[in-house]
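K.L.:
Model the structure of this input:
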Amino acid sequence: MKTPPTLNPVTRILGLLIVTTPLLLSVDIVSAGVSLAWTLLLAPLLGVDLRTVARRSVPILVAAPLSGISMALYGRPEGREYASFLFAHITDNSLSLAMAIMVRVLAVGIPVVVLTAQVDPTDLGDGVAQRLKLPPRFVVGAVAGVRLLSLFRRDWEAMARARRARGIADRGRVRHGMSMAFGLLVLALRRGSALATAMEARGFGSNQRTWARESIMTRIDAVVLAVCFGVAACSIGVSVATGAFRFLGA
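P.N.:
Residues are numbered from 1 along each chain as shown. Predicted structure coming up:
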């Protein structure tokens with residue numbers, strides 16, 4: 001399922017900030033859980049099915065338990081203590097904070113997957129330059145850099161084949177990986193320098209420029225932003241109403 005073409009990329013970025021920023025105010029499982037539930041419920045309406053969300057959220061699903069473990073061990077000790085070792089104390093409060101942190105990591109990370117899915121870098125550059133009035137020089141450079149990211153995998157594969165043909169590929173995984181990474185860094189610096197010179201010669205460095213495509217925001221963008229405000233207000237409101245709101249974990 002494809003994302004709606006009428007939704008401006010700037011709307012996605014603003015919506016992401018609206019949904020996730022209030023979650024940074026409170027470390028509680030209620031606000032994060034409500035926001036996460038709304039995100040998963042509304043994801044198909046933005047053209048992102050839950051299977052795609054699960055596949056792209058694997059790094060987030062790995063990071064969430066790791067953050068919870070650290071909070072369970074080193075969170076502020078309060079209530080009943082279950083175990084302790086040196087500076088680590090597992091208590092009721094640390095376990096509560098650990099659960100809240102894990103859900104909050106998901107509630108902050110998964111909206112990134114949903115709202116930034118299939119965003120074209122060029123459309124995003126047009127939007128932030130025309131609608132958010134960011135400096136065109138910075139925007140054009142950032143878009144060019146993002147476009148180059150797609151070449152990294154091909155460069156890696158080409159370097160691996162070249163080294164294998166020269167007989168220097170089988171020297172241990174760690175050593176081979178470090179050598180490949182250094183070679184990729186050198187190649188990226190050379191390509192970036194050549195691209196910067198070419199773009200400067202063609203006038204991309206000017207802050208006074210026109211745009212081939214106009215970035216338009218429609219009523220759909222206004223509706224999406226209103227929904228994002230509603231999700232943020234609902235998550236904080238339910239947390240306050242249930243007494244679970246904990247400002248910065250206090």
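K.L.:
Quick check: what element follows the worst-scoring helix or strand of the chain on mean pLDDT along the chain?
P.N.:
The weakest-scoring helix or strand in the chain, judged by mean pLDDT, DSSP states H and E, is strand 81-85 (a mean of 71). Of the helices and strands lying after strand 81-85 in sequence (DSSP states H and E), the nearest is strand 88-91.
K.L.:
Would you mark the buried spots in that following strand?
P.N.:
Buried residues in strand 88-91, counted by 16 or more other Cβ atoms under 10 Å: His89, Ile90, Thr91. For glycine as for every other residue, the C-beta is placed from the backbone atoms N, C-alpha and C.
K.L.:
The second one and Glu81 touch, don't they?
P.N.:
It refers to Ile90. Yes - the pair Ile90 / Glu81 is scored as a contact, 7.0 Å apart, by Cβ atoms under 8 Å.
K.L.:
Test my guess that Arg147 contacts Pro121.
P.N.:
Yes - assessed by Cβ under 8 Å, Arg147 is found in contact with Pro121 at 6.2 Å.
K.L.:
Give me the more crowded residue out of these two.
P.N.:
Neighbours were counted for Arg147 and for Pro121 using other Cβ atoms under 10 Å; Pro121 has more, 16 against 13.
K.L.:
element containing the closest residue to that one other than its chain neighbours?
P.N.:
Of all residues not flanking Pro121 in the chain, Val146 sits nearest, at 4.3 Å (Cβ to Cβ, 6 or more residues apart in numbering). Using DSSP H and E, Val146 sits in helix 136-149.
K.L.:
name the helices or strands packed onto that helix?
P.N.:
Under the contact definition 3 or more Cβ pairs under 8 Å, 6 or more residues apart in numbering; DSSP states H and E, helix 136-149 sits against helix 121-130, helix 173-201.
K.L.:
buried residues in the last one?
P.N.:
Same thing as helix 173-201. Neighbour counts over helix 173-201 (16+ other Cβ under 10 Å) mark Ser179, Met180, Gly183, Leu187, Ala188, Leu195 as buried.
K.L.:
from the chain's centre, how far out does that helix sit?
P.N.:
Centroid separation for helix 173-201 versus its chain: 24 Å, with Cα atoms, centre = their mean, to the nearest Å.
K.L.:
neighbouring contacts of the following helix or strand past that helix?
P.N.:
Per DSSP H and E, the first helix or strand lying C-terminal to helix 173-201 is helix 219-241. By Cβ atoms under 8 Å, 6 or more residues apart in numbering, the surrounding residues in contact with helix 219-241 are 4, 6-8, 10-11, 14-15, 18-19, 21-23, 25-26, 28, 30-32, 34-35, 38-39, 42, 46, 107, 245.
K.L.:
Only the buried subset of these, as a ChimeraX command please.
P.N.:
A single ChimeraX command selects the buried members of the contacts of helix 219-241 (16+ other Cβ under 10 Å):
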select :7,8,10,11,14,15,18,19,22,23,26,28,30,31,32,34,35,38,39,42,46,107,245
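K.L.:
and the helix or strand hosting Val10, what does it pack onto?
P.N.:
Assigned by DSSP H and E, Val10 belongs to helix 9-20. In terms of contacts (3+ Cβ pairs under 8 Å, 6+ apart), helix 9-20 is packed against helix 92-115, helix 121-130, helix 219-241.
K.L.:
got CSV for these, with distance to Leu151 and mean pLDDT too?
P.N.:
Compiled in CSV, those are given as follows (distance: least, Cβ to Cβ, whole Å; pLDDT from 0 to 100):
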stretch, distance to Leu151, mean pLDDT
helix 92-115, 23, 82
helix 121-130, 13, 79
helix 219-241, 32, 88
